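Asks: Sharing a model that was predicted from the sequence below.
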Amino acid sequence: MADDATLDPAVHRGLYRTMSLIKQCDDRFRTMLSSGQIFIVYYSPRGQEAISAGVGAHLRPDDSVVTTYRGLHDHLAKGVDLRGLWAEFLGKSTGLCKGKGGPMHITSPSDGLMVTTGIVGAGLPIANGFAMAAQLDGSDAVTVVNFGDGASNIGAFHEAVNLAAIWKLPVVFVCHNNLYAEHTAFEAGTAGGSVAGRASAYGIAGQRVDGNDPVEVYLAAQEAVRRARAGEGPTIVECMTYRFHGHVVGDAMEYQPPDERAAAMAADPVDRYRARLVTDATLTEAELADIDSTIAAEIDDAVEFAQSSPAPDLSELYTDVYAEGVAP
Amino acid sequence: MTATETTRVMMVREAINDALDRALASDDKVVLLGEDIADPGGGVYGITKGLSTKYGLDRVRPTPISEQAIVGAAIGAAVAGYRPVAEIMIMDFFGVCLDQVANHAAKLRYMSGGQTTVPLTIRCSAGAAMSLGAQHSQMLEAWLVHTPGLKVCIPSNSADAKGMLTTCIFDDDPCVFVEQVMGYFNGSECPEGEHRVPIGEAAIRREGDAITLVSYGRQMNDVLTAADQLAADGIDAEVIDLRWLQPLDTATILASVRKTGRLAILHEAVKRGGVGAEIAAVVAEEAFDSLRAPVVRIAGKNTPVPYARELEAAFLPTVGDLVAAARALVS
């Protein structure tokens, strides 16, 4: 475990706030699913909160983030508007993408949340493009691309990491290794036993960290982001974690040993970090409770906003296919 | 067509190079990416020759053989405000990057509710007649036309090659610009200055009232030859060069068919599920009452492209096929 005392209490507060926001949003969304208020296929990031919080803490609005269908934690850590996010999740006209993208395609360029893709591994080549643009601009903006362990076995991963390495692109490749690629265990599908270990094949930095510890992730991301901003090229940060609610919510999870999942959930990264902050006297129970309740109220507001928003007008079917003047 | 003062004879490959050169010179957001595109070779067909020397390797970027990485990087840079021109060396290689093209370039604007757009151009060489066999000879425009969000065009001459490529580069949507290798060395008059061709506008290459002949790309020369032969028989064909396959200029096609009552479509791509099928369907839906004969498609055979010269020639549509079909329709 990383030494918490190395970080300013304000950093801990920010990390905890992001993790609590992710946990509470996900809990609320799954409650709405299980109670039948909404019916969609949902990919929960519960259990992976520390990764997005630790990485996101280093990012500026002009830094770009690319993520995947399991992306709620990354969206929230990048500061995406909560009302717009919830309205998009519920498919409303007031959603970030006017209800046309949904959870799998959340986009918010003003926050630097540039692409959310539903295709495994496809975000990595695109992330290189944002980084190339920053490089051409002469800016020190960085691009973070999030992906699962399963994405490390698709060709796009290798093409993208190779290109980023030869062009020294300012990219941080963040692997959320939750030990399962859909239903297939990590070791059954991934040669070599490590995603970070693949970095050496491309001559770039790679580091595996405890992705359930926000401070470890924070420190690794700090160095990776520094390296990118300094023009020293890309890094693979592999964050070891666990997915609490299967590939999709409702998945029978027969491929996971029940005791393995129970152990992971018993060591819930959010609860564990919260307890640690109290034990170390970094933040008081009252301060943490205040953070939690403030977030709960923000979510109440966002859910109310989303639920009371109108569905998209049917004319929206035909807009935004092309930029201008061309009928679909 | 933009008014221009002077023209000179250029080969299609020169016209493409000229369009890229002017785009790079006029807008520093234009960047090129692709395999082997840098000097001294300037690409396997020399299309980008001289450009990396003139504009530097930051803006004319040779890449590894990584089509997903090429198109992906071009997409990201496009969303970030650049106007990348990615080269996919041969159209068959869309097979290894179609996810980036069809699931990302084509859809990011829609999925984001219009918040992002992808001003990307993808150039590719394409087509048969060089005995390159089944994996280096295909015309795959129907794959692309079937994907909402893309614009697709194939020029038939130097002026259009220059004007359409320039239009693609400065358009805010992802465009695919298809270059038939067998057309690269065709020479014709081309404007020397700035030149653009409006999106979605077909060109009527010859007016007539007996039959409408529709085609695009290098086969336009075949179609015009066929029209000359038909004229010798007293059959006055109207010839339409589509130029853009998406958006498709249905208004020009329908107006012509309403005048002539007969339609033959010729393209190099395989017949089944091709652009010709789409045109035939549009005409059946919109101008059925004007038709005086069945619509005919002359196209590549429904086979892979074979290697042997004799077989490859048998695969391709010919002037003779078109003339015979047109005579049958008019008689």
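Replies: Sure thing, it's come through. Residues are numbered from 1 along each chain as shown, chains lettered A, B, ... in the order given.
Asks: do stretch A:310-326 and chain B meet?
Replies: Yes: among the residues of stretch A:310-326, A:319, A:320, A:321, A:322, A:323, A:324, A:325, A:326 lie within reach of chain B under CB under 8 Å from any CB of the partner chain. (C-beta placed from N, C-alpha, C; glycine too.)
Asks: Could you turn the buried ones of these into a PyMOL selection?
Replies: Selecting only the buried entries of those in PyMOL, with 16 or more other CB atoms under 10 Å in any protein chain shown as the criterion:
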select buried, chain A and resi 319+320+321+322+323
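Asks: any chance of the residues of stretch A:310-326 next to chain B in JSON lines, with distance to residue B:161, pLDDT and secondary structure too?
Replies: Formatted as JSON lines, the residues of stretch A:310-326 next to chain B follow (distance: CB to CB, whole Å; pLDDT from 0 to 100; DSSP: H, G, I helix; E, B strand; the rest coil):
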{"residue": "A:319", "distance to residue B:161": "32", "pLDDT": "96", "secondary structure": "coil"}
{"residue": "A:320", "distance to residue B:161": "30", "pLDDT": "97", "secondary structure": "coil"}
{"residue": "A:321", "distance to residue B:161": "26", "pLDDT": "97", "secondary structure": "coil"}
{"residue": "A:322", "distance to residue B:161": "23", "pLDDT": "97", "secondary structure": "coil"}
{"residue": "A:323", "distance to residue B:161": "23", "pLDDT": "92", "secondary structure": "coil"}
{"residue": "A:324", "distance to residue B:161": "24", "pLDDT": "78", "secondary structure": "coil"}
{"residue": "A:325", "distance to residue B:161": "23", "pLDDT": "73", "secondary structure": "coil"}
{"residue": "A:326", "distance to residue B:161": "21", "pLDDT": "80", "secondary structure": "coil"}
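Asks: which two from the residues of stretch A:310-326 next to chain B end up farthest apart in space?
Replies: Spatially, the most separated pair among the residues of stretch A:310-326 next to chain B is A:320 and A:325, at 12.9 Å (CB to CB).
Asks: what about stretch B:145-155, average pLDDT?
Replies: Here stretch B:145-155 scores 98 as its mean pLDDT.
Asks: Which residues outside that stretch are in contact with it?
Replies: Residues from elsewhere that reach stretch B:145-155 (CB atoms under 8 Å, 6 or more residues apart in numbering or on different chains): A:321-322, A:326, A:328, B:12, B:101-102, B:105-107, B:109-110, B:141, B:144, B:161, B:164-165, B:168, B:171, B:173-180, B:183, B:199, B:216-217, B:242-248, B:275, B:278.
Asks: are any of these buried, and which?
Replies: With burial judged by 16+ other CB under 10 Å, the buried subset of the contacts of stretch B:145-155 is A:321-322, B:12, B:101-102, B:105-107, B:109-110, B:141, B:144, B:161, B:164-165, B:168, B:171, B:173-180, B:183, B:199, B:216-217, B:242-248, B:275, B:278.
Asks: quick one on the thing from earlier: out of the residues of stretch A:310-326 next to chain B, which one sits closest to residue B:195?
Replies: Among those, residue A:325 lies closest to residue B:195 (CB to CB), at 20.1 Å.
Asks: Not including adjacent chain positions, what is the nearest residue to the closest one?
Replies: Excluding the flanking residues, the one nearest residue A:325 by CB to CB, 6 or more residues apart in numbering or on different chains is residue B:199, at 8.0 Å.
Asks: Quick check: the one you found is in a strand.
Replies: No: assigned with DSSP: H, G, I helix; E, B strand; the rest coil, residue B:199 falls outside any strand and is coil.
Asks: Look up the pLDDT of it for me, please.
Replies: Here, the pLDDT recorded for residue B:199 equals 97.
Asks: repeat for residue A:62
Replies: For residue A:62, the predicted pLDDT is 97.
Asks: And the one 4 residues further on, by the same measure?
Replies: Per-residue pLDDT puts residue A:66 at 98.
Asks: repeat for residue A:328
Replies: As predicted, residue A:328 sits at a pLDDT of 82.
Asks: mind checking the backbone torsions on residue B:139?
Replies: phi -110, psi 110 (degrees, to the nearest 10).
Asks: Residue B:267 is in contact with that one, correct?
Replies: Yes: with contact defined as CB atoms under 8 Å, residue B:139 reaches residue B:267; the gap is 7.2 Å.
Asks: Mutual contacts of those two, please.
Replies: Common neighbours of residue B:139 and residue B:267 (CB under 8 Å, 6+ apart) are B:217, B:300.
Asks: picking that back up, nearest to residue A:73, of the residues of stretch A:310-326 next to chain B?
Replies: Within those, proximity to residue A:73 (CB to CB) peaks at residue A:320, which comes in at 26.7 Å.
Asks: That closest one contacts residue A:107, doesn't it?
Replies: No: counting by CB under 8 Å, residue A:320 does not reach residue A:107; the two are 11.3 Å apart.
Asks: which residue sits closest to the residue most central in space within chain A, ignoring its sequence neighbours?
Replies: Centre of chain A computed as the mean C-alpha position; nearest residue by CA atoms, centre = their mean is residue A:74, 2.6 Å away. Nearest residue to residue A:74 in three dimensions, chain neighbours excluded: residue A:67, at 4.0 Å (CB to CB, 6+ apart).
Asks: Now the one you found, what are its backbone angles?
Replies: phi -140, psi -170.
Asks: and the contacts of stretch B:145-155, which of them are in strands?
Replies: Counting by DSSP state E, the contacts of stretch B:145-155 place B:175, B:176, B:177, B:178, B:179, B:180, B:244, B:245, B:246 in strands.
Asks: What separation do you get for the fifth one and residue B:246?
Replies: It stands for residue B:179. The gap separating residue B:179 from residue B:246 is 17 Å, by CB to CB, to the nearest Å.
Asks: Look up how far residue B:143 lies from residue B:182.
Replies: Computed as CB to CB, the residue B:182 to residue B:143 distance reads 20 Å.
Asks: Wait, residue B:327 touches residue B:232, no?
Replies: No: here residue B:327 does not reach residue B:232: they are 11.3 Å apart, not a contact under CB under 8 Å.
Asks: Residue B:96 is in contact with residue B:69, isn't it?
Replies: No: taking CB under 8 Å as the definition, residue B:96 is not a contact partner of residue B:69, at 10.6 Å.
Asks: neighbour-wise, which of these two wins?
Replies: Counted by other CB atoms under 10 Å in any protein chain shown, residue B:96 and residue B:69 do not tie: residue B:69 has more neighbours, with 29 against 16.
Asks: doesn't residue A:161 make contact with the more buried one?
Replies: No: Residue B:69 is beyond contact range of residue A:161, at 9.1 Å (criterion: CB under 8 Å).
Asks: still on that earlier bit, do I have it right that the residue nearest to residue A:325 meets residue B:166?
Replies: No: using CB under 8 Å, residue B:199 makes no contact with residue B:166, being 11.4 Å away.
Asks: what residues are shared contacts of those two?
Replies: Residues within reach of residue B:199 and of residue B:166 at once, by CB under 8 Å, 6+ apart: there are none.
Asks: Of the residues of stretch A:310-326 next to chain B, which is the nearest to residue A:54?
Replies: Ranked by distance to residue A:54 (CB to CB), the residues of stretch A:310-326 next to chain B are led by residue A:320 at 34.4 Å.
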